[in-house]
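In: predicted model follows, preceded by the sequence.
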Amino acid sequence: MGRLKERRHLLLLVALVAVLIIQSFAHRLLLGPVASDAMVAVVMTGVFFVVFERPRERLLAVATLAAALAALLAHHALPAGVQEGLRIAYHALLVLFQAFAVAVILRDIFQAKAVRADDVLGAVCGYLLAAGAWSSLYALTEAFAPGSFTLPAGLAGQLDTWQGRTALFDYFSLVTLTTMGYGDISPVRPPATAFATLEAVFGQFYIAVIVAQLVGARLSQSADRRRADG
């Protein structure tokens, strides 16, 4: 059990990458919509157990996550008339949950006195969770302001489905966060244009600040070890 806890961020990273791959298929060809959404629910529950350790944080996180997952799973059973409301609720709650998780991960990194390999993987998990939070924010933007993004003709139809919209904005968010900027999906009106700019800035600062913090903590750890040995 102790060894499993030491590698918790590695397990979480593998699960997040698996979900990202599954969600990249607009029609969920690998598992199907229900099974893939169930896997998303399992992985987000894993995020809760791995990231949140303090009682107050767990209370807030579990309330947000439970409501988000209820909306995610309910859309398979409820009529089409409430689908848009469920989608908005799900993405709004997921933004809060994932942003909260990223904040906790960053806090733990800055408070850590020793740097382990699993801590580095935790930073990568935070990066992917941040991309997920921005993706949900874009989905909310498109829901409230349709036409905020231009898409190639072959992709435009994906905005009409729950899974298709998730696939598109997950892809756009990661491309923006890493500033690759392929240009196939583009924000064309506010607030989408502002959000995309802020995400690009956030992505650059995340890498720069986290790397600096990890290197600094590692150097301090090495210096403390040398003093102890000498």
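Out: The structure has been received and is ready for your questions. In this text, all values refer to a predicted model and were calculated from it rather than measured experimentally.
In: can you give me the strands for the protein?
Out: Per DSSP state E, the chain carries strands over the ranges 149-150, 186-187.
In: quick one: contacts for Glu84?
Out: Contacts of Glu84 were listed using Cβ atoms under 8 Å, 6 or more residues apart in numbering, and they are Ala143. C-beta: built from backbone N, CA, C; applies to glycine.
In: so what pLDDT did it get?
Out: pLDDT for Glu84: 85.
In: pLDDT weak spots in the protein?
Out: The chain contains residues with pLDDT under 70 at 1-6, 26-31, 217-230.
In: what ranges do the helices span in it?
Out: 2-6, 8-23, 33-51, 55-74, 83-111, 117-144, 153-156, 162-177, 192-229 (DSSP state H).
In: now these in TSV, with distance to Ser186?
Out: Shown next, in TSV, are the helices of the chain (distance: least, Cβ to Cβ, whole Å):
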stretch	distance to Ser186
helix 2-6	43
helix 8-23	21
helix 33-51	27
helix 55-74	28
helix 83-111	20
helix 117-144	12
helix 153-156	12
helix 162-177	9
helix 192-229	8
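In: these: which one's closest to Asp184?
Out: With Cβ to Cβ as the criterion, Asp184 lies closest to helix 153-156 of those, at 7.3 Å.
In: how far does the closest one sit from its chain's centre?
Out: 24 Å (Cα atoms, centre = their mean, to the nearest Å).
In: list the buried residues of stretch 89-109.
Out: Neighbour counts over stretch 89-109 (16 or more other Cβ atoms under 10 Å) mark 89-102, 104-106, 109 as buried.
In: no further queries at this time; thank you.
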